[in-house]
Structure formats: structure tokens, C-alpha cells
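# model the structure of this input:
(chains A, B and C)
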Amino acid sequence: MSTFIQQLANGVSLGSIYALIALGYTMVFGVLKLINFAHSDVMMVGAYVAFFVATGLNAGPDPSIASALITFLAAMAGAAALGIAIERLVYRPLRSASRLSLLIAAMGMSLLLEYGGQVVFGPQHRRVPDVITDERIVLGDLNLTVHKLIILGVSVVLMLGLHFFVNKTRTGTAMRAVSQNVDAAKLMGVNTDFIIGLTFAIGSALAGAAGLLVAFHQQGDIDPLMGVYPGLKAFVAAVLGGIGSIYGAMLGGLLIGVAETFVAAYLPSSFRDTITFSILILVLLVRPAGLLGKFKPEKV
Amino acid sequence: MRGAAIKLGFLVVLVGAAIGIDFALREIFNPHWLRLIELAGIHVVIAVGLNLINGYCGQFSIGHAGFWAIGAYASGVLLTVAEQKWGTPSAVVEILLLVGGMAIAAILAGAAGLLVGIPSLRLRGDYLAIATLGFGEIIRNVIVNVDAIGGPRGYHGIPVYTNAAWCIIVAALAIWFSRNLVTSSFGRALVAVREDEVAAEAVGINTTRVKVIAFVVSAMMTGAAGALYAHLDGSLDPDTFKFTKSIEFIIMITVGGLGSITGAVFGAIVLTLLPELLREIHPTLSEYRMVIYSALLIVIVLVRPKGLLGNRELSPSAGIAWLRRKFGKGTA
Amino acid sequence: MTKAAPHLAVDNCTMRFGGIVAVKDFSMTLETGEIFALIGPNGAGKTTVFNMVTGVYTPTSGQIRFRGEAISGKRPNKIAAHGVARTFQNIRLIPGITVLENVVLAYHLHTGYGFAGALFQSDHARACERDVREKAMALLALFALDKIAAEPATSLPYGSQRRLEIARALALGPTLLLLDEPAAGMNPQEAIDLMRLIRFVREKFSLTVLLVEHNMKVVMGIGERIQVMDHGETISLGSPDEVRRDAKVIEAYLGKPV
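The predicted model follows:
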């Protein structure tokens, strides 16, 4: 029983990272109907921004709340800037092109960031200094760490923030309108270009934060290809929850994180990915709209 | 009957020419370049196969690395066991073994294609793409988890049978089969499914059947290419078959032009040889291989969304027609 | 000697989409060889009936029989193979291929060679291909489209695209032709030509024709029997003259007299 709760806690911590990344996939899919393959690599760049800032702040030997905050904000800002740039330079000119062109451009962008990252940052693994000292926390049978709690806390705060933004602000309403119907939103006077850019900015900022959290999760270890598999898992989470649905992404992320942790705990860990992709295919076949999504058939 | 005789004649000429070219290539190129040329031939087979489903039928697969892996491991393991049992084969037996290996590779990959295709092809667009990606990764995961075929360490000691002649022959056959299919009633059905499924069904086309057949044929070609690959280097590494490889294949057919056989051939050859050419120009350029590829891909999508050739074909008759249009106006 | 089965019989069909009832307990019978028009105000459910007959939708309840055989619930391609051909309200030609290929495409079911023949391009397959192309050209000639057979289909002017879509439908070798608003977007002269064309193909190919149309000149001009729908239900059925005089029809189109 105690290992069960322990695994659940680990799973929720991992799952909240997936959820943060999944939000970016799902938000972009909402407004552009595009699987933004480059999203996970934006997360990687966020992690590298965190690495450079934290190293510059000399946070490793000297962690403080201030340096942690600055590192987080820098990772989010860097990722957001990159997301906006990608949207502006590559996706926007292709908005009237076929969805296939857009998808291929997204794949190209993803590869460019991964291999460009290897050239710019170097292919070797790096270690993000601890912006906050990691300590073990024991609650009864439960073994937690400061980093795991931070992962959970930051995710919850960011997700609540997104929830309020989307539901309680005018801009959030406009964003929901654009994801319902771009053309109708435009006719209603919504500046769709701005909203789409903003969607990329917010999704990428969340990914940037996730980049640092992934680093926390793997004891600071990062590399230019670190986004590939977490990105794929997060995408599976978005599909599982119902792509286009913000709450679906949160739910899907948690479910995938928990499922993976349990599989790794009770089965050989090499089965982990097989399970994740099997879940993906099962969901696609049985309920292509995901748990919380709506499926629209083509009108003849 | 006459047609069959002509085709047989062509096959004999093709085999002869391939062997001749093989000799010439060995004289001209060092083993490193020779291997790359052979690899280009293998990539041509895959690109032509992938183009059938992605280009002509419009069903986006990002799982072909999986079918490639199935073909490679099937033939690689089988012929390794065969050689362990019966010793080094004579030249004639070696030919039969490789043909058999390719056949089995194609059949197994085709069976996997059927297994993947029947459920997934109900999905559209991005959903299909992501389902095939998932299947491809599952295939690789299974390989990694089977210790008998080396698991994560890979499979080594495979007999090396592949040479340039084989690659040329198989690539030429793949191109020929593919051209025959796309110019037939089946090919028209492929395009109809790509452009408008509702209209296609209204004229009696069983869209599911067309998609599944295209998918299986595509997987079979890729599987046969896998057999050639297994016997090229004599060893297989499961990391070769990651989904990024599937994306590389997609880049090949996109650069050349989706829905054009010549485009697929062109893309496969150029993208296989380009990194080495870059290295010849300047050593550090080849380190940037993937950076250049991906940037190239983005630029092509932005400025020539239909690829370098669009969906046009380059053939002698098309060339003559082009020349007529270009220069014939005054004389007509 | 029992009476021959009607060419098409829609029996008590209902079509629900979630909570919306698009077509309610709808029946319709077409006799072999007639030109039958289905009309009604926008949203009356005409296109839904069309889509049920052609298999795009499966009726929630009720049955559809084509020449006595139940077809409801079959897939569109199966129903097309039975001999039910259609055109679309928003023309659906295959872009990127030529006028000729669009028609050749519809011979798909009758090309006479299989996958292996195609793969190896057998002599038989080549002969079949030539044969199909000749047939398609002959069909195009009837519609005065043979001169532009090599043009990309979607580059044709609107009226020609409509004709091409009808030609393509006929290539299936149907006995029942469904035309979904064929006169939409046509000027009066084009509409008159269209009426002549519909009568001509009916005679030439011994067809039964089901027509959904908004253009009343066309409906009254060629419809031999007319069924009027409103809100998913039949409100009138009869000859053009009977329907024209029916008070319920006038009310449906113009609203209640004040």
C-alpha cells in the first residue's frame, strides 16, 4: 500500500510536467489545427536558457529564492520569445497553405531546433545547477523531495493561472473564440493574428517552465534531444485528454504520468514507452476525440 | 504474351546493366562512397514506397521506420541462422537466399502494414500520422525488448550480400511497379481518395480498401528495402529505426515533391549523398547535415510548398513535351 | 403477376443528429423511368434524404429499397455499385486530374483488370485501359466536353463542371441518377440547356432521375411528379400542377397569409 501511494506521488509529479507541455500542444492545436512538433524542442531551449541563467547567477553553490525565480522567469520568457518567432516566421506564412505543409514545416522546425541545439549548445549532456537545494522530505511512509514538490507546486500555480486567464479575461474569451472558429472570431472583430501569437507565447512559456521542471526531475541533466520523448508523451497526453481541450491536457498529462510510473514500477522499465504508445493508439481508435474532446464529422 | 516476353527482355537487360554499373562503381569509388551509393538505392525503394501512401493516397504515415526495421531484422536474422546452419553459400544460393530474404521481409512488413493499417486508416490527417508514429515506436520497442535478436545491443554478424547491382535492380523494380500502379485504375483511385473521399465513394471506390492496399504495398516495399539494408553492413542497431528516421524519409519525398515518383527518387538520392558532398566541400559542413536538412525542408515548404518537382514526373516523353512547348510555338 | 417493385422506395425513414430530427418518418417512391423532383424550403431535409439514399448517412430508423433490395446502411461505394449515381450540391470533381481522368475514374468498377494486372501492366490491363478511355471519350463527346478532355477538371467554367459531374455519374452505368441542385448558380439560358440535357440522358441511358432543386422553372419544367418537404416531413405530392395549387405548399414557401 505504501509503495502504491509512493508511486502515485511520483506519477503525479511526472504527470504534472507532461500536463504543462501538453497544454502547449493542445492550445496550438485549438487555434491552428496543427500538431506543433517543435513544441517539445521549445521546452528544451527553455531548459538551456535556465541552464545559462542559473550558471550565470552562480546558483549552484549559492541557491536562493530570488535566483530560482529569475531562472524560472528567464526560461519562460526565452521559450515564449522562441515560440512567437517560430509562429511569426514559419507558421504564419503557411496559414493558408495545406495542413500537410504546415505539419511538415513543424517537423522541420523540430529537427532544426534539435540539431541546431547540438551545434549551438554542444551535443554533450549538461547539468542545470540547483536553483533550490534539493532535500528529502519524509511524510510517514512517503518519501518526497523538495524538487518533486516544486514540480507539483509550479505546475498547479501555472495551470490555475491559465484557467483564470482563459475564463475570466477578455483576451482569454477571444482565445476561446478563435479556437472555436477562426473566421467567425475575425468577423466579430477579434485580432486573430494577435491571439494566435499570444497562444504560442503562453504555450511556449509553459513549455519553458516545464523545461526547468524536467531538469529538476532528472537531477539537472539536460541535452539537446531531451525534448523528444517527453514531448511525445505529452502529445499522447493531449490526445488522451482530447486535443484542443485545456482540461483534457491536464487530465491526460496526469494519467500518462501515473500510468508510466506504475508500469516502470511493476514491469521492466523498457515496456514503459510501449504502454504509452499503446494507450495512444487505443484512445485514437476507440475515442478519437479523447476523454474530454468533441469529435466533428465532415459535412457533405 | 508479347508483352511478357518484352518485359522479360527488359529484366535481363536491367540485370546486365546493373552488374555492369556495379563493376564500374567499384572501379571509380572507394568502399565508403560505394556504400553510400548502395544506401541511396535502398532509400530510393523506401521513398518510392512511402510516396505511394503519403504522396498519392494522401494518408500521412510517420511509421515507416518500423516497417523498415521489420524487414531488416526478418531477413537479417533468418539469413544469419541459415548461414550458421549450412555454411557460406555458393553464388547461386546466395542470390536465392537474398531474394528469399527480401520476399519474407516484404511479406512480414506487409502483414504488419495490414495490422496497422486496418484500424488506423479510419483516422484522418494528423490523427493517422500520430497513430502510425506510435505503431512505429512500438515495433522498435518490441525489438529492443527481445533479447534473442540482440535487444538494445543490436544484431551483428549478418552475412553481407547486398551490393550496388542488387540496389539498382530492386530500386528499378520498385520504380517500375510504382509507376504501373499510379497509372492504372488503382492509381486514379489513390488520387481520388487523396483529393475527396466523399466523391470517391460516390463513384464506387471502396476508400478503405484502396487505403489499406496502398499502405500494405508501401510497407512491403519498405520491408524489402530493410532486407537490403540488413545485408549491407552486416549489423543492425535498433536506434537506427527511431521515428526520426521516418521523418527523414518524409523529408526525402517532400523535398522531391509529394506525389511524384521522380521527385521521390531525386529526394532520396540527393539527401543520402548530400552530407558526404558537404564533407568534401568542407569537413565541418557535414556536422551541420541535419541542421541544413531541416532548414532546407522549412525553406522548401515556404517557397515551394509542392516540392522541387511538384507532382510532375520527369520522363523522356515529358521532356519532349516540355521542349515542344518551349521552342515549338514558332514552327507550328 | 405481382406489380414490379418501385425503382426506389424510402419507407418511413427518420434521421436524427443528436437531439435534432432532420427527417421524420419520411416515405418516397420512385417509379422506373420517371423524373421525380424533391423540393422544399431551405432546411427541409432534402439533402439529408439524398445522403440517406446514397449511403452517406444510415437512417436512424426505416428502410430504403432500391429495385426491391434493401440498401439502407450499406456504404456509399456499395450503393454506387448497385447503380445509384449522384452529383453534389457543391460540385465535387477531383482536382489535379484531367476532365478525361475524372470520367475514367468512375469506370473504376468496370475496368476489367485486377491489382496484379495493374502491378505488372499486363497486355490485358493495357487493352482494358484503352477500352475505358475510348468509352470515356465517347461519353464526354455527348456532353460536348471531348475537346477539352485534357484540361484540368477544376479549371473548367462552372456550367461545364456541372455537366462533367453528370458525365462522371453516368460512367458508373447507373439506373438511378440523383442530382443535387444541378441548376444552382446557372443563368436562365443555362438552366434551359440543363433541362434539355437531363431529359436527353434519361432517354439515352434509360434512367430514373431524382432531382433536388430550388429553381422552380426547372422543377416545374421537367419534374413529372413532385414531392414537397418541410421540417423533415412530406407536405404534398403530385403532378406539377397539383403541387403548384396546394395551399400547404404555398404556405411553406411564403409563410401563413396575414
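# what sits against the residue nearest to the spatial centre of chain B?
In chain B, the C-alpha nearest the mean C-alpha coordinate belongs to B:Ile46, at 0.8 Å (C-alpha atoms, centre = their mean). B:Ile46 makes contact with B:His64, B:Trp68, B:Met221, B:Thr222, B:Ala225, B:Phe249, B:Met252, B:Ala268, according to C-beta atoms under 8 Å, 6 or more residues apart in numbering or on different chains. Heads up, the C-betas are built off the backbone N, CA and C, glycines and all.
# which residues in chain A form strands?
Using DSSP state E, the strands of chain A run over A:126-127, A:136-139, A:142-145, A:221-222.
# for the first one, name the packing helices and strands.
Under the contact criterion of 3 or more C-beta pairs under 8 Å, 6 or more residues apart in numbering or on different chains; DSSP states H and E, the helices and strands touching strand A:126-127 comprise strand A:221-222.
# roughly how far apart are B:Leu115 and B:Ile213?
14 Å (C-beta to C-beta, to the nearest Å).
# one more: B:Lys242?
Distance, B:Lys242 to B:Ile213, by C-beta to C-beta: 28 Å.
# show me which of these two is the more surrounded one.
Between B:Lys242 and B:Ile213, counted using other C-beta atoms under 10 Å in any protein chain shown, B:Ile213 has the larger neighbour count: 22 against 18.
# the more buried one in helix, strand or coil?
Counting by DSSP: H, G, I helix; E, B strand; the rest coil, the backbone at B:Ile213 sits in helix.
# got the contact list for it?
Contacts of B:Ile213 (C-beta under 8 Å, 6+ apart): B:Phe186, C:Phe115.
# for the chain, which helix is longest?
With no chain named, the answer covers chain A. helix A:2-32 (DSSP state H).
# that's the other chain; I wanted chain C
Longest helix in chain C by number of residues, with DSSP H as the criterion: helix C:123-142.
# helix or strand right after that one?
Next helix or strand after helix C:123-142 toward the C-terminus (DSSP states H and E): helix C:158-171.
# which elements pack onto that next one?
Helix C:158-171 packs on strand C:84-86, helix C:99-106, helix C:123-142, strand C:176-180, helix C:188-204, going by 3+ C-beta pairs under 8 Å, 6+ apart.
# tell me which of these is the most buried.
Mean neighbour count, computed with mean count of other C-beta atoms under 10 Å in any protein chain shown, is highest for strand C:84-86 among those, reaching a mean of 28.
# next, give phi and psi for the one residue in chain C that gets nearest to chain A.
In chain C, the residue that lies nearest chain A is C:Val56 (5.1 Å; C-beta to the nearest C-beta). Phi and psi for C:Val56, reported as degrees, to the nearest 10, are phi -70, psi -40.
# contacting residues for the residue lying closest to C:Leu8 once chain neighbours are set aside?
For C:Leu8, ignoring the flanking residues on the chain, the nearest one in space by C-beta to C-beta, 6 or more residues apart in numbering or on different chains is C:Leu30 at 4.2 Å. For C:Leu30, the contacting residues are C:Pro6, C:His7, C:Leu8, C:Ala9, C:Phe36, C:Leu176, C:Thr208, C:Leu210, by C-beta under 8 Å, 6+ apart.
# and the pLDDT for C:Leu30?
For C:Leu30, the pLDDT comes out at 95.
# tell me the spacing between it and chain B.
19 Å (C-beta to the nearest C-beta, to the nearest Å).
# what's near enough to touch the nearest residue to C:Leu207 once chain neighbours are set aside?
Setting aside the residues directly before and after it, C:Leu207 is nearest to C:Leu177 in space (C-beta to C-beta, 6+ apart), at 4.9 Å. By C-beta under 8 Å, 6+ apart, the contact set of C:Leu177 is C:Ala85, C:Arg86, C:Ile166, C:Ala169, C:Leu170, C:Val201, C:Arg202, C:Phe205, C:Leu207, C:Thr208, C:Val209, C:Leu210.
# tell me what the lengthiest helix in chain B is packed against?
Longest helix in chain B by number of residues (criterion: DSSP H): helix B:91-120. Judged by 3+ C-beta pairs under 8 Å, 6+ apart, the packing partners of helix B:91-120 are helix A:272-286, helix B:64-86, helix B:125-145, helix B:207-233.
# comparing these, which comes out most buried?
Stretch with highest mean neighbour count among the helices and strands packed on helix B:91-120: helix B:207-233 (a mean of 26; mean count of other C-beta under 10 Å).
# what's the average pLDDT for that one?
Mean predicted lDDT for helix B:207-233 stands at 96.
# how long is stretch A:188-195 from one end to the other?
13 Å (C-alpha to C-alpha, to the nearest Å).
# what's in contact with it?
With contact meaning C-beta under 8 Å, 6+ apart, stretch A:188-195 is reached by A:Val31, A:Arg92, A:Thr171, A:Ala174, A:Met175, A:Ala177, A:Val178, A:Val182, A:Ala185, A:Lys186.
# how about a cut-off of 6 Å?
Here stretch A:188-195 makes contact (C-beta atoms under 6 Å, 6 or more residues apart in numbering or on different chains) with A:Ala174, A:Met175, A:Ala177, A:Val178, A:Val182, A:Ala185, A:Lys186.
# now do the buried residues in it.
Neighbour counts over stretch A:188-195 (16 or more other C-beta atoms under 10 Å in any protein chain shown) mark A:Val190, A:Thr192, A:Ile195 as buried.
# so which of those residues is the closest to B:Trp166?
Comparing the buried residues of stretch A:188-195 against B:Trp166 with C-beta to C-beta places A:Thr192 closest, at 54.5 Å.
# next, find the distance separating the residue nearest to the closest one when sequence neighbours are not counted from chain C.
With C-beta to C-beta, 6+ apart as the criterion, A:Thr192 has its nearest non-adjacent residue at 5.0 Å, and that residue is A:Lys186. Going from A:Lys186 to chain C by C-beta to the nearest C-beta gives 22 Å.
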